[in-house]
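> I'd like to go over a predicted model; first the sequence, then the structure.
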Amino acid sequence: MPSPRDPVADLRRIAFLLERANEATYRVRAFRSAAAAVAKTPHDELVARAEAGTLAKLAGVGEVTARCVTESLAGEEPVYLRRITATEGADLPAEAAAIRAALRGDCHVHSDWSDGGSPIEEMALAAADLGHEYFVLTDHSPRLTVARGLTADRLRRQLDHVARLNEALPDGFRILTGIEVDILEDGGLDQEDELLARLDLVVGSVHSKLRDDSARMTRRMVTAIANPHLDVLGHMTGRKVAAAGEGDAAHRTARTRPPSDFDLDKVVAAVLEHGKAIEINSRPDRLDPPKRMLTVAREAGCLFTIDTDAHAPGQLDWLDLGCERAALCGVPADRIVNTWTTERVTQWTASHR
């Protein structure tokens, strides 16, 4: 008799690993759709369809995913899953691994309330499975309409939803409330002050007019950093780099973007003066800030967060990339905010209000 395997878990694991590898969205969606279809189908029917070769006739299941389900039902690790696992990257260098082991959470995570691809609860369960103690939910603010940014009313509803979720999530894990708020052209923050004051942590990022001249961009960033509601300066240069994964090399290169121009010394001085943190963004298409800027900020004594900016469950495992950059630039673990406990993080952000 074959050993029991869960085909739904196998399909979800494949999707997770594809997301982590930054593979094409349509490929990830195929496995997540198949997992949802299989989860709704009675086990006996799945077995009968596997024996008859009709699994691919289920809505949401294709030939490749049907083969994975058949192998899983037979007690075998799906070949597709074995292949992905076999091509995973090498272990982290010791210094980066030590930072990764010290991280307790992630301060920049998106859900399908804005431009993420998964529900909050799915992101939370994936984070808990990775050993996180918390993440900060940072969906976009209203001005970023292309990302379905949250109006004040939608953010209020999200806060109520998160409160209910936190009561049902596994012990030892908590969703912290937050936002990735747009830094406006005058340095203001794109959300009501009353709501920003209610949040556990606020990431502020520039998403528009990234080619402004240095003086204007510097004023914009310094003004935002001085705002008592902002805690973390997100992907500070706004750059995009060619990342492995989705699309061919030409397509990836076409999506690159140079860093914004600003006075780094003034921005770092503002971060230090107001006790804020600079994000080390782990997205493979950002890796922001560049190592030169990261080294300057580290030498000045800045605090940091290492974040994934995840928009899907598998992307929550991108922290390794940020840890490698932090280690290369000599960032000490005790200056990385998300090595702190939940209580210490919220005490730190409350000190800015």
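Sure, I can see it.
> And the helices in the stretch 101-250 of the chain?
Using DSSP state H, counting those that start in this stretch, the helices of the stretch 101-250 of the chain run over 120-129, 152-168, 193-198, 214-226, 249-254.
> Throw the ones you listed into JSON lines and include mean neighbour count and mean pLDDT, thanks.
C-beta coordinates here come from the backbone N, C-alpha and C atoms, glycine included. As requested, those are exported to JSON lines (neighbours: other CB atoms under 10 Å; pLDDT from 0 to 100):
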{"stretch": "helix 120-129", "mean neighbour count": "20", "mean pLDDT": "96"}
{"stretch": "helix 152-168", "mean neighbour count": "14", "mean pLDDT": "98"}
{"stretch": "helix 193-198", "mean neighbour count": "15", "mean pLDDT": "97"}
{"stretch": "helix 214-226", "mean neighbour count": "19", "mean pLDDT": "98"}
{"stretch": "helix 249-254", "mean neighbour count": "11", "mean pLDDT": "46"}
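> List the single closest residue to the residue nearest the centre of the chain in space, sequence neighbours excluded.
With distances taken as CA atoms, centre = their mean, the residue of the chain nearest its centroid is Ala310 (1.7 Å). Distances taken as CB to CB, 6 or more residues apart in numbering put Leu316 closest to Ala310, at 4.7 Å, once the chain neighbours are dropped.
> I figured that neighbour hits Ala128, correct?
No - between Leu316 and Ala128 there is no contact under CB atoms under 8 Å: 10.1 Å.
> mind showing which ranges of the stretch 151-300 of the chain have poor pLDDT?
For the stretch 151-300 of the chain, the stretches flagged by pLDDT under 70 are 244-254.
> Identify the residues contacting the host helix or strand of Ala98?
Here Ala98 sits within helix 94-102, counting by DSSP states H and E. Residues from elsewhere that reach helix 94-102, judged by CB atoms under 8 Å, 6 or more residues apart in numbering: 91-92, 306, 319-320, 323-324, 326-328, 331, 333, 336, 339.
> Which residues belonging to it are considered buried?
Using 16 or more other CB atoms under 10 Å as the test for burial, helix 94-102 gives Glu95, Ala96, Ile99, Arg100.
> likewise stretch 47-54?
Arg49, Ala50.
> Could you do stretch 284-297 as well?
In terms of neighbour count (16+ other CB under 10 Å), stretch 284-297 has its buried residues at Pro284, Asp285, Arg286, Leu287, Asp288, Pro289, Pro290, Met293, Leu294, Val296, Ala297.
> how about the helices of the stretch 101-250 of the chain, which one is nearest Asp182?
The closest of the helices of the stretch 101-250 of the chain to Asp182 is helix 214-226. By CB to CB, the value is 9.7 Å.
> And the closest one, what does it pack against?
Here helix 214-226 touches strand 232-233, helix 264-274, going by 3 or more CB pairs under 8 Å, 6 or more residues apart in numbering; DSSP states H and E.
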